[in-house]
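Engineer: Provided below are the primary sequence and the corresponding predicted coordinates.
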Amino acid sequence: MAALLDDDAVRTALQDLPGWDRDGDSIVRTAQLPDFVTAVGVVDRVAEDAESVQHHPDIDIRYNTLTFRLSTHSEGGLTAKDTDLAGTISQRITAAGG
C-alpha cells in the first residue's frame, strides 16, 4: 500500500512537474507531439514504464495530442507512485519533442 500525499506534498511535487496540474484526486498532463506516430510511440514507451512499476495511467489519444491522468485508485487519491510516474512520462514526452 502506498501512503496518500497531503495537499502540501502534492503542491510541492507539482512544482517539479511542469505541465502537470491537479484535478481532484488525479494529476493530469496534456502534451502535443509532432505527429500521430510519435505520439503512439510515447504511449508505447509509457506502457512499458507503467508495467515495470505496476502503476498505470489513464491515457487519451487524439491524433498527436496525449492526455495522461494519474491517480492511485486503490488508495483513493495521489501517492508517490503517481508523482514518480509523472516524472517518467514527462521525460518520455520531452525526448519525443513534446
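Structural biologist: Right, received. Where do you want to start?

Engineer: Tell me which residues touch the residue nearest the centre of the chain, please.
Structural biologist: In the chain, the residue lying closest to the centroid (C-alpha atoms, centre = their mean) is residue 86, at 3.7 Å. Contacts for residue 86 (C-beta atoms under 8 Å, 6 or more residues apart in numbering) come out as 13, 17, 20, 27, 29, 68, 70. Backbone N, C-alpha and C define where each C-beta goes, glycine included.

Engineer: which sections of this protein are below the confidence cut-off?
Structural biologist: 1 (pLDDT under 70).

Engineer: can you give me the helices for it?
Structural biologist: 7-15, 36-53, 80-95 (DSSP state H).

Engineer: can you redo the ones you listed as JSON lines with distance to residue 61?
Structural biologist: Formatted as JSON lines, the helices of the chain follow (distance: least, C-beta to C-beta, whole Å):
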{"stretch": "helix 7-15", "distance to residue 61": "24"}
{"stretch": "helix 36-53", "distance to residue 61": "6"}
{"stretch": "helix 80-95", "distance to residue 61": "13"}
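
Engineer: which of those sits most buried?
Structural biologist: Greatest average neighbour count among the helices of the chain goes to helix 80-95 (a mean of 18), per mean count of other C-beta atoms under 10 Å.

Engineer: Determine the angle, from 0 to 180 degrees, between it and helix 7-15.
Structural biologist: 10 degrees (axes from the mean of the first three to the mean of the last three C-alpha atoms, to 10 degrees).

Engineer: Kindly export helix 80-95 (C-alpha atoms) in PDB.
Structural biologist: Provided in PDB are the C-alpha atoms of helix 80-95 (Å, rounded to 0.1, in the frame of the first residue of the first chain):
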ATOM      1  CA  ALA A  80       4.300   8.900  -4.700                       C
ATOM      2  CA  LYS A  81       3.500   6.300  -7.400                       C
ATOM      3  CA  ASP A  82       1.700   9.000  -9.300                       C
ATOM      4  CA  THR A  83       4.300  11.700  -9.000                       C
ATOM      5  CA  ASP A  84       7.100   9.300  -9.800                       C
ATOM      6  CA  LEU A  85       5.400   8.000 -12.900                       C
ATOM      7  CA  ALA A  86       4.500  11.600 -13.900                       C
ATOM      8  CA  GLY A  87       8.200  12.400 -13.900                       C
ATOM      9  CA  THR A  88       8.900   9.400 -16.200                       C
ATOM     10  CA  ILE A  89       6.100  10.400 -18.500                       C
ATOM     11  CA  SER A  90       7.400  13.900 -18.700                       C
ATOM     12  CA  GLN A  91      10.800  12.600 -19.700                       C
ATOM     13  CA  ARG A  92       9.300  10.500 -22.500                       C
ATOM     14  CA  ILE A  93       7.300  13.500 -23.800                       C
ATOM     15  CA  THR A  94      10.400  15.700 -23.800                       C
ATOM     16  CA  ALA A  95      12.500  13.100 -25.500                       C
END
